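**Q** Next one to model:
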Amino acid sequence: MLRYFWTATQKDRIRDTCTEYNLPSKVRERIISTVELLDSYYGVGRSMDDDGGCVILIIDDDVSRTKQAYEEVLKKYHTCEEEREFQDVLYSDRQEEYYADLYIVSSEIGITIIWYQKERS
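**A** Numbering: from 1, shown residues only. Purely as a prediction, here's the structure:
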């Protein structure tokens, strides 16, 4: 499951998605803070792909489908894992970890990919 968020006007949708998938509050907070930051720099009425970028949420219990979705996002934005600016661990417990990966894909577009991994090894 892929969800794209690019403006704070989507806060209700963000909250609904996070509730539907029972995501930790830190994940919801990061999505909202990121889209608010994008709005402050690039404006609220912008297109997701033209200005500023977006947050892409990948939720899937299957590791291979998560990896495939992640790779498809990177391909869409013409980037690769080696180009990742940084990775934050948003939430971690014994059963799962949630990550936020930032990519600067052009001078005006950054994408944050939020994904998770179940039962760490």
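**Q** What about the closest residue in space to Ile58 that isn't next to it in sequence, how many residues nearby?
**A** Once flanking residues are discounted, Ile58 sits nearest to Trp115: 4.2 Å by C-beta to C-beta, 6 or more residues apart in numbering. All C-beta spots, glycine's among them, are computed from the backbone N, C-alpha and C. Counted with other C-beta atoms under 10 Å, residues neighbouring Trp115 total 20.
**Q** next one: Ile32
**A** 18.
**Q** rewinding a little: SS state for the residue nearest to Ile58?
**A** The three-state label given to Trp115 by DSSP: H, G, I helix; E, B strand; the rest coil is strand.
**Q** wait, doesn't it sit right on Gln68?
**A** No: taking contacts as C-beta atoms under 8 Å, Trp115 lies outside contact range of Gln68: 11.6 Å.
**Q** hmm, back to that, residues contacting the residue nearest to Ile58?
**A** If you count contacts by C-beta atoms under 8 Å, 6 or more residues apart in numbering, Trp115 has them with Leu57, Ile58, Ile59, Thr66, Tyr70, Tyr98, Tyr99, Asp101.
**Q** hey, what's it bridged with?
**A** Tyr99 (DSSP bridges).
**Q** roughly how far apart are it and Leu57?
**A** Relative to Leu57, Trp115 is positioned 8 Å away (C-beta to C-beta, to the nearest Å).
**Q** Could you do Cys80 as well?
**A** 20 Å.
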